[in-house]
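Provide a 3D model corresponding to the input given below.
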Amino acid sequence: MTDGFGARLAAAIATRGPLCVGIDPHPELLRAWDLPVSVDGLARFCDICVQAYSGFAVAKPQVAFFEAYGSAGFAVLERTIAALQDDGVLVLADAKRGDIGSTMAAYAQAWAGDGPLAADAVTASPYLGFGSLQPLLDVAAANGRGVFVLAATSNPEGASVQLARAGDRSVAQSIVDEAAAVNRAALPQPGSVGVVVGATLAEVPDLSDLGGPVLVPGVGAQGGRPEALGGLGAARAGQLLPAVSREILRAGPDFASVRRAGEKLRDEVAYLA
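Residues are numbered from 1 along each chain as shown. Alright, predicted model coming up:
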């Protein structure tokens, strides 16, 4: 890849809109789409999503729903990643990997190296210490891929850790600041290390100096309002990437209905580009 992930994402947002569409093959959704809760149902679900999401900037498969089916589920994920990328859609694997040393290095090769599961970007957890992510950051940079680091998530259990104070700042803010430092060291901008910040939070870290993208889950079904995202954390134009999954997928199983639901939300967040 000649361009880093940050540059490719910025170009995709500018031309295709600032929306990350989700692929969450939850058993309830499979049943709602009249599909079997099996690998065959998983594959058909993903085929519909690939067809519906052509022309969008970013698609985010939730890895856990593939992993539940073992090796056969991962095979479906590999095919789905390849099909989306063939359509020009950037793929963000929502794997939330986080470990230390050689184990983190192995995760890095799986999700940011050159293997069949490698996506354009991957989510990661820094809660073994931001430095534990270095193997992933290194492999991602070497391969032109991105990393979205969990900073301030919208689940209520996260606040006890993420809003704890680390000196004069919250733990979440310290993670944003660490990501910003990586981006500054890897000029030119935009950086390829982003953070994850929930749309429904009462306390949001300052994102103005991040120099990279911000994945914003929680829009739609979880209560986040598309029209209320502007200026989140003092983010700059083109920096926020709202992520929407089930709000769109509940329009299925007809791919045209899923596409229309995605286009509607893309139009509602277009002002963020």
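
I'd assumed V89 was in contact with S54.
Yes - using CB atoms under 8 Å, S54 and V89 qualify as a contacting pair, with a distance of 7.0 Å. (Glycine included, C-beta is placed from N, CA and C.)

those two: which is more packed in?
Neighbour totals were compared for S54 and V89, and V89 leads with 22 against 16 (other CB atoms under 10 Å).

identify the residue nearest the more buried one in space, chain neighbours excluded?
Sequence neighbours aside, A59 is the residue nearest to V89 in space, at 5.1 Å (criterion: CB to CB, 6 or more residues apart in numbering).

direction included, what does the helix or strand containing that neighbour pair up with?
Using DSSP states H and E, the secondary-structure element containing A59 is strand 58-61. Sheet pairing here is set by DSSP bridges, and for strand 58-61 it gives strand 20-23 (parallel), strand 90-97 (parallel).

got the buried residues for whichever helix or strand comes after that strand?
Proceeding C-terminally, strand 58-61 gives way to helix 64-67 as the next helix or strand, assigned by DSSP H and E. Buried residues in helix 64-67, defined by neighbour count with 16 or more other CB atoms under 10 Å: F65, F66.

now do stretch 21-33
Of the residues in stretch 21-33, those buried under the neighbour-count criterion (16+ other CB under 10 Å) are V21, G22, I23, D24, P25, H26, L29, L30, W33.

the worst-scoring helix or strand of the chain on mean pLDDT: how far from the chain's middle?
Taking mean pLDDT, DSSP states H and E as the measure, the helix or strand of the chain with the lowest value is strand 165-166, at a mean of 84. The offset between the C-alpha centroid of strand 165-166 and the centroid of the whole chain comes to 26 Å, using CA atoms, centre = their mean, to the nearest Å.

ok, stretch 215-229 next?
For stretch 215-229, the separation from the chain centroid amounts to 14 Å (computed by CA atoms, centre = their mean).

all helices for the chain, in order.
Remark: helices of the chain, listed N- to C-terminal, are 5-16, 27-32, 39-53, 64-67, 71-86, 101-112, 134-142, 159-162, 171-185, 246-249, 255-268; assignment by DSSP state H.

lowest mean pLDDT across those, which one is that?
Per-segment mean pLDDT for the helices of the chain reaches its minimum on helix 159-162, at a mean of 88.

what residues does it touch?
Judged by CB atoms under 8 Å, 6 or more residues apart in numbering, the contacts made with helix 159-162 from elsewhere in the structure are Y127, A151, A152, T153, S170, V171, A172.

make it 6 Å
When contacts are taken as CB atoms under 6 Å, 6 or more residues apart in numbering, the neighbours of helix 159-162 outside the stretch itself are A152, V171, A172.

then stretch 207-226?
For stretch 207-226, the surrounding residues in contact (CB under 6 Å, 6+ apart) are 6, 9, 148, 154, 176, 180, 183, 189, 191, 193-200, 233-235, 239-244, 246-247, 268-269.

can you select the buried ones from these in ChimeraX?
Those of the contacts of stretch 207-226 that count as buried under 16+ other CB under 10 Å are selected in ChimeraX with:
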select :6,9,148,154,176,180,183,191,193,194,195,196,197,198,199,233,235,239,240,241,242,243,244,246,247,268,269
